[in-house]
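1. fold the stuff below for me.
(one chain, ligands or ions: 2)
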Amino acid sequence: MLVTGNEILKKAHKEYYGVGAFNFVNYEMLSAIFEAANEANSPIIVQASEGAIKYLGIDMAVGMVKILSKKYPHIPVALHLDHGTTFESCKAAVDAGFTSVMIDASHHPFEENLSETSKVVKMAHAKGVSVEAELGRLMGIEDNISVSEKDAVLVNPKEAEQFVKESGVDFLAPAIGTSHGAFKFKGEPKLDFERLQEVKRLTNIPLVLHGASAIPDYVKDSFLSSGGDLKGSKGVPFSFLQESIKGGINKVNTDTDLRIAFIAEVRKVANDDNTQFDLRKFFTPGKEAIKKLIIERMNILGSSNKI
Ligand code: TD3
Ligand code: ZN
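-> Numbers count the residues shown, from 1 in each chain. Ligands and ions are numbered 1, 2, ... in the order given. This next block holds a predicted model:
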């Protein structure tokens, strides 16, 4: 059943588990997410970026989610706009049927981020849609980073407290040292868990981890053995994901893992049979790889059997 992000995350917040928020750009990714949720008995957040919406068309994005949520009526699913850049883009998503939106004005100064977010909250809440915002910069941090450098990029817990109180936002993405994509850390992975705990203590709302792909070894190996190059790639280890959930993360954004798993399979089919041109022969193993990865992730985040 299509529900708001709030409905899914309030429960996760109360019971201290994480729910995967999985990006999709086509039917194969989306149906893999639903099939995984069905097998693991897990709630899901499916999310589309502005780029994905442009690629699919907004009505197609919403339409596919509605059809699949009818097919699996027992699965609570929220349709979320990932990294909305403007009020207009959030409004277009709300009008089209999204049940949750993110306004990402985190690159603006605090006051501007606050006023932009508050504007979106007003518009979205009037339609019963939940809102996510972000504070700080998504960026990997290194061991030798100074305290002042850290404070310049990561979330400020006091600011987070004020931001949540004044904006009325439903969930917050605090920057604690993750980044998007396959190259998250130069040296050893490092996240600021203390800062996270302080944000949770001061805000007491569901928190979001962006850039949460793990790039598990078997996925990386599968990509490499298919002839792909992922030199220097590093994700967020599973143990870090679990530590973040203990620290108050409830929404765990995952895109890169799905992309790598899918494309490794496509590449393998192309390598194995250079006469093959049936799309289904490429996409079916890609979809299965995504499904397997998501079920594993649901077990790690603790959302399995939470329906
Ligand atoms: O917002 N997203 C998804 C879009 C990022 C581009 O891949 C995330 O925070 C997921 O990050 P990750 O770790 O999958 O790149
Ligand atoms: Zn993100």
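
2. which strand or helix spans residue 46?
-> Secondary structure from DSSP states H and E places residue 46 in strand 44-49.

3. distance from that strand to the middle of the chain?
-> From the chain centre to the centre of strand 44-49 is a distance of 7 Å (Cα atoms, centre = their mean, to the nearest Å).

4. run the contact check for it versus ligand 2.
-> No: Strand 44-49 stays clear of ligand 2 (Cβ under 5 Å from the ion), getting no nearer than 8.3 Å. Heads up, the C-betas are built off the backbone N, CA and C, glycines and all.

5. show me which residues of the very next helix or strand once past that strand are buried.
-> Using DSSP H and E, the helix or strand that directly follows strand 44-49 along the chain is helix 50-56. Across helix 50-56, burial judged by 16 or more other Cβ atoms under 10 Å covers 50, 52-53, 56.

6. stretch 208-228 now?
-> Across stretch 208-228, burial judged by 16+ other Cβ under 10 Å covers 208-216, 219-220, 222-223, 226.

7. and if you look at stretch 286-304?
-> For stretch 286-304, the neighbour count (16+ other Cβ under 10 Å) marks 286-298, 300-304 as buried.

8. repeat that for stretch 89-105.
-> Under the neighbour-count criterion of 16+ other Cβ under 10 Å, stretch 89-105 has 89-94, 96-105 buried.

9. and these, which of them are in strands?
-> When DSSP state E defines the strands, the subset of those inside them is 100-103.

10. the closest residue to residue 73 other than its chain neighbours: neighbour count?
-> If the residues on either side of it in the chain are set aside, residue 73 comes closest to residue 1, at 5.6 Å by Cβ to Cβ, 6 or more residues apart in numbering. Neighbourhood size, residue 1 [other Cβ atoms under 10 Å]: 11.

11. can you check residue 42 too?
-> 25.

12. give the contact list for the residue nearest to residue 73.
-> In this structure, residue 1 makes contact with 69, 73-77, judged by Cβ atoms under 8 Å, 6 or more residues apart in numbering.

13. again, but for residue 139
-> Listed by Cβ under 8 Å, 6+ apart, the contact set of residue 139 reads 153, 175, 177, 179.

14. same thing with residue 102?
-> Contact partners of residue 102, counting by Cβ under 8 Å, 6+ apart, are 80-84, 131-134, 173.
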